[in-house]
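Quick one, structure for this:
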Amino acid sequence: MSDLFWLSDAQMARLEPCFPKSHGKPRVDDRRVLSGIIFINRNGLRWRDAPAAYGPHKTLYNRWKRWSDKGVFARIMAGLAAEHREKKTVMIDATYLEAHRTATSMGVKNGGRGRLIGRTKGGMNTRLHAICDSQGRPISLFVTAGHVSDYIGARALLSSLPDVDWLLGGRGYDADWFREALEDKGIRACIPGRKQRKTTVKYDKRRYKRRNRIEIMFGRLKDWRRVATRYDRCPKVFLSAITLAATVIYWL
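This is a model prediction of the structure:
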């Protein structure tokens with residue numbers, strides 16, 4: 001019992017305002033079910049292997065699937081992350097998450113177009129794109145197929161950038177249109193230029209070193225086994241696993 005994860009009273013108090021309202025029959029104990037869901041995702045277990053202390057594994061899975069389909073876990077992270085109060089610096093980056101054969105099976109070529117899984121040099125992957133604050137806490141997350149470029153990720157995340165002074169990004173984000181879009185928002189880019197550029201791009205190398213915080217964030221998210229390896233065919237369910245991990249690690 002002592003080895004199992006249980007949400008504290010303080011954590012439940014922060015989460016409860018984001019829960020869907022129960023209609024008709026009252027829901028099974030939220031603390032027990034959500035604690036079991038977190039335990040399964042963190043340890044990469046099958047639902048049927050859930051410890052008995054969390055109740056029937058079908059109850060855990062049904063809640064997980066139903067709330068994932070409704071986007072509840074993504075909204076919980078977005079709501080808590082909105083309290084970041086970052087005014088100075090944000091960072092942008094992307095990482096590869098390996099897709100297990102259970103996620104790529106029973107689909108068309110390249111894992112199925114609707115599953116956001118693509119073939120890369122490292123195999124079948126999904127790509128996680130993220131913006132985090134100066135402390136390395138995720139503010140905005142979304143997933144694409146593994147072969148999708150940083151440019152597309154940057155375009156999708158542009159509208160969710162907070163009002164800050166600086167954005168730190170790797171060479172993959174060196175594009176004139178992106179720099180101009182940041183300038184229009186009043187954000188200064190700290191992004192090294194691509195080697196193919198004819199003119200050298202100047203950037204603050206000392207400030208750029210702080211970008212390792214978003215890489216550390218990716219590493220901590222991947223400590224959750226159902227994030228590091230994608231087992232879920234449905235991209236909304238997989239994104240729920242990522243946002244749940246981000247919520248527990250950084251925002252509770």
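
For this structure, which element, helix or strand, carries the lowest mean pLDDT?
The least trusted helix or strand in the chain, going by mean pLDDT, DSSP states H and E, turns out to be helix 101-104, with a mean of 87.

Check which helices and strands that helix sits against.
Applying 3 or more C-beta pairs under 8 Å, 6 or more residues apart in numbering; DSSP states H and E, one finds that helix 101-104 contacts no other helix or strand. No exception for glycine: its C-beta is placed from N, CA and C like everyone else's.

if we go to 10 Å?
Secondary-structure packing of helix 101-104 (3 or more C-beta pairs under 10 Å, 6 or more residues apart in numbering; DSSP states H and E): strand 123-133, strand 229-230, helix 235-246.

and the angle from the first one to helix 235-246?
Going back to what we said before, that points to strand 123-133. Using axes from the mean of the first three to the mean of the last three C-alpha atoms, to 10 degrees, the direction of strand 123-133 lies 50 degrees away from that of helix 235-246.

What residues of strand 123-133 count as buried?
Within strand 123-133, the residues scored as buried using 16 or more other C-beta atoms under 10 Å are 124-133.

ok, then the element right after it?
Using DSSP states H and E, the next helix or strand after strand 123-133 towards the C-terminus is strand 138-145.

Tell me how many other residues surround residue 31.
Using other C-beta atoms under 10 Å, residue 31 has 15 other residues around it.

just residue 233 next, same as before
Quick note: residue 233 (other C-beta under 10 Å) scores 20 neighbours.

Name the SS class of it, please.
Judged by DSSP: H, G, I helix; E, B strand; the rest coil, the three-state class of residue 233 is coil.

So it versus residue 128, what's the distance?
Using C-beta to C-beta, to the nearest Å, one obtains 17 Å as the distance from residue 233 to residue 128.

so where's the stretch 1-150 of the chain uncertain?
1-2, 106-113 (pLDDT under 70).

tell me the phi and psi of residue 5?
When quoted as degrees, to the nearest 10, the phi and psi of residue 5 stand at phi -90, psi 130.

Within the helices and strands, which one has the residue nearest to it when sequence neighbours are not counted?
Closest residue to residue 5 apart from its sequence neighbours, by C-beta to C-beta, 6 or more residues apart in numbering: residue 39 at 4.8 Å. Per DSSP H and E: residue 39 is located in helix 30-43.

Go through the helix or strand just after that helix and flag the buried ones.
Counting by DSSP H and E, the next helix or strand C-terminal to helix 30-43 is helix 57-69. Neighbour counts over helix 57-69 (16+ other C-beta under 10 Å) mark 57, 59-61, 63-65, 67-68 as buried.

what does helix 57-69 contact?
Identification of contacts with helix 57-69 by C-beta atoms under 10 Å, 6 or more residues apart in numbering yields 19-20, 27-30, 32-37, 39-41, 45-51, 54, 56, 72-76, 232, 234, 236-241, 243-244.

same thing but at 8 Å, please
20, 27-28, 33-34, 36-37, 40, 47-50, 54, 73, 234, 236-237, 239-240 (C-beta atoms under 8 Å, 6 or more residues apart in numbering).

buried subset of those residues?
Using 16+ other C-beta under 10 Å, the buried ones in those are 33-34, 36-37, 40, 47, 50, 54, 73, 236-237, 239-240.

Alright, I will stop here.
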